[in-house]
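**Q** Provide a 3D model corresponding to the input given below.
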Amino acid sequence: MDAAAHSPGIEPGAERAEELLEAQRELRQLRDTVAALRAALEESEAGRAAAVQAAVAVSSDEVRVLRLAVANLRDELEALAAAKAEAVQQATAAGHDEARQLQTTIQTLRDQLETARLEHDAARADDRAAHSAELRQLQESVAVLRARLEQTHGT
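**A** Purely as a prediction, here's the structure:
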């Protein structure tokens with residue numbers, strides 16, 4: 001072997017052992033780096049998975065809360081619609097009842113008016129009959145008085 005190729009004072013076998021040790025140290029460092037990077041990657045993946053899982057959990061909770069809110073609002077809306085329908089039905093029934101009462105009152109007033117008209121017509125007829133009877137009686141009285149006058153003055 002050539003002496004110029006070797007470092008001064010170091011044997012060729014020792015130099016080789018030194019290179020081998022250096023390569024083993026570098027290999028160990030690379031393995032440690034790979035292991036550290038792998039651990040960091042796994043930790044990052046775990047953190048990301050945990051963050052995704054937490055975000056999914058938060059979203060699921062929000063969806064559940066929103067669904068409950070929608071269900072509650074739907075129930076409230078249905079209750080309001082039922083109350084409105086009931087109020088409309090009651091108002092309609094009250095309106096029909098009032099109309100029926102007014103129609104009954106109108107019919108009663110018509111009947112009373114007709115009765116009053118018939119009573120008035122009957123009273124007028126009675127008055128006419130009484131007037132006619134009085135007139136006849138007066139005419140008869142006049143005729144009797146005339147006849148007496150003619151008897152006393154005429155013959």
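**Q** Please report how far the most centrally placed residue in the chain lies from residue 71.
**A** Per Cα atoms, centre = their mean, the C-alpha nearest to the average position across the chain is that of residue 77, at 3.0 Å. When Cβ to Cβ, to the nearest Å is the yardstick, residue 77 and residue 71 sit 11 Å from each other. Bear in mind the C-beta positions are built from the backbone N, C-alpha and C, glycine included.
**Q** same thing with residue 110?
**A** Taking Cβ to Cβ, one finds residue 110 at 58 Å from residue 71.
**Q** Equivalent analysis for residue 114, please.
**A** Counting by Cβ to Cβ - residue 114 and residue 71 are separated by 64 Å.
**Q** so how far is the helix or strand containing the residue nearest to the centre of the chain from its chain's centroid?
**A** Assigned by DSSP states H and E, residue 77 belongs to helix 12-149. Offset of helix 12-149 from its chain centre (Cα atoms, centre = their mean, to the nearest Å): 3 Å.
**Q** coming back round to it: per-residue confidence for the residue nearest to the centre of the chain?
**A** In this model, residue 77 is scored at 97, pLDDT.
**Q** list the contacts for it?
**A** Residue 77 makes no contacts at all, as judged by Cβ atoms under 8 Å, 6 or more residues apart in numbering.
**Q** in this structure, which segments are predicted with low confidence?
**A** Confidence mapping of the chain against pLDDT under 70 gives the ranges 1-10, 154-155.
**Q** tally of neighbours for residue 18?
**A** 13 (other Cβ atoms under 10 Å).
**Q** Apologies, that question was intended for residue 12.
**A** Count around residue 12 with other Cβ under 10 Å applied: 13.
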